[in-house]
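Trainee: got a predicted structure plus its sequence, pasted below:
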Amino acid sequence: MNGHLRSAAYICHGLVVAVAVTAAGCSPASRRAPAAAGRGGQLAVSVRIEPRTYNRFASRTETDLIVSMLTQATLFRVNHVTDEVEPWLAEKSARSADGLRYTLTLPSNVTFSDGQPFSAEDVIFSFEAAYDEKSNGTLNDVMRVGGKKLQVERVDPRTVAITFPAPYAPGLRILDNLPMVPRHKLERALKEGTITKAWGISTPPADIVGLGPFVPLEYLPGQHMTLVRNPHYWRKDGNGASLPYLDRVTLEVVPEQDAELLRLESGQVDMTTSEIRPEDYAPLKRAADGGRVKLMDLGVTLDPDSFWFNLKPGALGADPRAAWLQRDEFRDAISMAVDRQVFVDTVFLGAAVPVFGPVTPSNKKWYSPDVPHVPHDPARAKQLLASIGLIDRQGDGVLRDQRNQPVRFTLLTVKGRTALERGAAVIRDELKKIGITVDIALLEPPAVVQRLVSNSHYEALGFHVGTTDTDPASNADFWLSSGSTHVWNISEKAPATDWERRIDELMAKQMSTLDESERKRLFNDVQKIFSEHEPVLYFAASRVYAAASSRVTNVTPAVSRPQLLWSPDSIAVVQ
């Protein structure tokens with residue numbers, strides 16, 4: 001989905017470190033050269049999903065976002081540790097009195113990786129690419145406020161003015177989503193309406209141009225992608241030395257988590273781009289005691305795994321089961337039937353907390369403690385199911401519908417993701433106790449993503465849905481019915497239900513008011529409505545463990561993915 005939630009500074013207060021992290025480990029990314037490491041060297045990083053594109057406008061899978069993070073740059077970024085907005089490509093900004101217009105000053109003498117200068121024209125072009133109606137890319141809705149575009153105009157070669165269509169509480173935070181791309185390379189694709197088809201994975205690496213710290217060198221499908229230092233990268237450290245410190249980064253495609261652990265223990269990879277499993281803590285602790293890795297406990301995740309039914313009208317075709325598969329009562333019953341503590345203990349070996357919605361307690365600013373905590377109540381679950389005609393008609397413990405057919409559905413999830421596989425098994429076992437049969441189908445990650453994006457050909461799906469920011473207004477694509485990551489019914493032309501319409505209304509107000517207390521009140525109401533209808537079910541939020549080779553230094557760990565790679569230009573290795 002749209003990236004991942006970003007952590008606040010609480011990480012530094014709750015960090016438990018098995019082997020000491022670097023001195024900069026709980027501070028914003030240091031611009032001063034690391035004392036223990038020189039320049040150069042290679043970093044090997046594992047990713048679980050292979051890249052699909054070099055193009056941020058075409059995909060939002062975890063790996064593709066990482067590729068964009070390595071090769072592109074934004075005007076402003078959200079620091080994953082402090083959760084604050086930082087000037088990045090933009091040197092400074094000035095806001096009008098009404099809060100609608102921002103004037104940004106661009107740096108001088110910044111060039112793309114091919115040596116061509118970066119200017120205001122590239123900023124305007126990047127917005128045009130995001131808003132291209134012909135291709136309808138992944139940023140089309142993300143970069144809108146109230147469904148309307150931001151207006152961007154050139155003041156001079158180094159100055160642009162951005163006007164918001166309405167008051168927008170997060171302000172420039174929205175620009176963290178949009179990479180600045182080269183007009184001189186992509187203008188033809190935009191004119192032809194093929195911007196999302198440009199820079200596919202088969203594009204020669206030399207044709208991929210950006211403002212990020214690295215440029216692609218090669219990609220071997222299913223194996224690895226290698227990137228090397230961008231010789232024209234614009235950032236410098238506190239000593240005036242050019243960044244990045246590393247010569248190259250290799251993204252190793254390792255779909256299976258067992259294989260990922262073995263590679264990390266043996267030193268074949270230096271870090272992972274997502275958290276490690278609770279059961280991997282013990283072997284990695286032994287490796288940490290031996291000085292081979294650094295092991296970090298970053299606290300409870302901001303991104304719990306999720307489970308939902310396909311609620312798109314007509315998605316199940318003429319299947320009569322749609323009459324109950326898409327009912328609120330059916331989802332409520334499942335929520336009551338699954339023992340969340342069993343889920344915590346079985347799936348995460350106790351290293352998790354029960355949760356009842358997409359916002360976890362780690363998101364201290366926006367989490368609402370008033371969200372109802374659904375009790376574990378199988379008896380009440382059976383009553384709810386009976387109210388929609390699902391009862392044990394033959395006295396054999398199996399619920400049947402009014403056609404006398406067993407209550408049964410297929411749950412798709414990702415093969416090789418231990419938490420998702422175990423979670424699916426717990427759901428299956430818990431629902432069997434109340435007479436529901438669940439068939440689990442394990443698919444490769446691309447196949448699951450395709451089912452999700454097409455919004456069809458599945459009944460239920462278990463997945464890790466990430467969001468781009470802690471601020472709910474920045475995640476409108478999830479909350480709004482028209483959003484492209486409104487996973488239970490993607491991109492509705494109009495709200496399919498009254499409660500979704502109400503959430504749309506509340507989110508519109510929440511995004512437009514500048515009163516923080518009112519924003520909190522409005523979002524509390526959103527979470528309450530969401531919990532009442534449970535379009536997505538949440539059972540547990542795991543603790544986040546991260547590990548890196550002991551030779552890696554100058555990392556700034558954050559609870560959100562990628563926990564250690566989010567600031568790649570400042571990472572170094574001891575050679």
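Mentor: Here it is on my side, so go on. As the structure is a prediction and not an experimental result, all values here were calculated from the model.
Trainee: CA only for contacts and neighbour counts going forward, please
Mentor: Noted.
Trainee: how close does I174 sit to P568?
Mentor: Using C-alpha to C-alpha, to the nearest Å, I174 is found at 21 Å from P568.
Trainee: swap in P221?
Mentor: P221 is 23 Å from P568, by C-alpha to C-alpha.
Trainee: swap in V85?
Mentor: Taken as C-alpha to C-alpha, the span from V85 to P568 is 17 Å.
Trainee: tell me which of these two has more neighbours.
Mentor: For V85 versus P568, the count of surrounding residues by other C-alpha atoms under 10 Å is larger for P568: 23 against 18.
Trainee: excluding chain neighbours, what is closest to that one?
Mentor: Nearest non-adjacent residue to P568, counting by C-alpha to C-alpha, 6 or more residues apart in numbering: L70, 6.9 Å away.
Trainee: so what's the residue count around that neighbour?
Mentor: L70 has 26 neighbours, counted by other C-alpha under 10 Å.
Trainee: my guess is it contacts P213. True?
Mentor: Yes. Under the criterion of C-alpha atoms under 8 Å, L70 makes contact with P213 at 6.0 Å.
Trainee: picking up where we left off before, helix or strand for the residue nearest to P568, which one?
Mentor: Using DSSP states H and E, L70 falls within helix 62-71.
Trainee: that older thread, list the residues that contact both of L70 and P213?
Mentor: Common neighbours of L70 and P213 (criterion: C-alpha atoms under 8 Å, 6 or more residues apart in numbering): P568.
Trainee: so where's the stretch 1-150 of the chain uncertain?
Mentor: For the stretch 1-150 of the chain, the stretches with pLDDT under 70 are 1-38.
Trainee: quick one, strands of it?
Mentor: Applying DSSP state E, counting those that start in this stretch to the stretch 1-150 of the chain gives strands spanning 16-17, 42-47, 76-78, 85-87, 92-95, 101-105, 144-145, 148-149.
Trainee: wait, which of the ones you listed is closest to P157?
Mentor: With C-alpha to C-alpha as the criterion, P157 lies closest to strand 101-105 of the strands of the stretch 1-150 of the chain, at 9.4 Å.
Trainee: which helices and strands does that closest one pack with?
Mentor: Judged by 3 or more C-alpha pairs under 8 Å, 6 or more residues apart in numbering; DSSP states H and E, strand 101-105 is in contact with strand 92-95, strand 159-163.
Trainee: just so I know, which of those strands lies nearest Q575?
Mentor: Across the helices and strands packed on strand 101-105, closest to Q575 is strand 92-95 (C-alpha to C-alpha), at 36.9 Å.
Trainee: in the sheet, which strands lie alongside the closest one, parallel or antiparallel?
Mentor: Strand partners for strand 92-95, identified by DSSP bridges, are recorded as strand 101-105 (antiparallel).
Trainee: show me which residues of the partner strand are buried.
Mentor: By neighbour count on 16 or more other C-alpha atoms under 10 Å, the buried set for strand 101-105 is 101-105.
Trainee: can you check stretch 196-209 too?
Mentor: Of all the residues in stretch 196-209, those buried under the rule 16+ other C-alpha under 10 Å are 196-201, 205, 208-209.
Trainee: and stretch 175-188, by the same measure?
Mentor: 175-183, 186-187.
Trainee: okay, and the beta partners of the nearest residue to L43 once chain neighbours are set aside?
Mentor: Nearest residue to L43 in three dimensions, chain neighbours excluded: V249, at 4.8 Å (C-alpha to C-alpha, 6+ apart). When bridges are called by DSSP bridges, V249 pairs up with L43, L227.
Trainee: ok, which of the strands of the stretch 1-150 of the chain comes nearest E279?
Mentor: strand 16-17 (16.7 Å).
Trainee: can you read off the pLDDT for A447?
Mentor: Per-residue pLDDT puts A447 at 89.
Trainee: would you say it is within a helix?
Mentor: Yes. Counting by DSSP: H, G, I helix; E, B strand; the rest coil, A447 is part of a helix.
Trainee: tally of neighbours for it?
Mentor: Residues near A447, counting by other C-alpha under 10 Å: 14.
Trainee: so how far is T61 from it?
Mentor: With distances taken as C-alpha to C-alpha, A447 is found 12 Å from T61.
Trainee: mind checking how far M507 is from T63?
Mentor: Per C-alpha to C-alpha, M507 is found 29 Å from T63.
Trainee: repeat that for T301.
Mentor: To T63, T301 is 19 Å away according to C-alpha to C-alpha.
Trainee: so the two - more neighbours on which side?
Mentor: The residue with more neighbours, out of T301 and T63, is T301; 27 against 24, by other C-alpha under 10 Å.
Trainee: so what pLDDT did that one get?
Mentor: Note on T301: pLDDT of 94.
Trainee: surely it and A546 touch.
Mentor: No. Contact criterion C-alpha under 8 Å: T301 and A546 do not qualify, at 11.6 Å.
Trainee: low-scoring pLDDT stretches of the protein, where are they?
Mentor: Checking the chain against pLDDT under 70 turns up 1-38, 455, 467-468.
Trainee: in terms of secondary structure, what does the lengthiest helix in it contact?
Mentor: When the chain is parsed with DSSP state H, its longest helix is helix 516-533. In terms of contacts (3+ C-alpha pairs under 8 Å, 6+ apart), helix 516-533 is packed against helix 328-337, helix 498-512.
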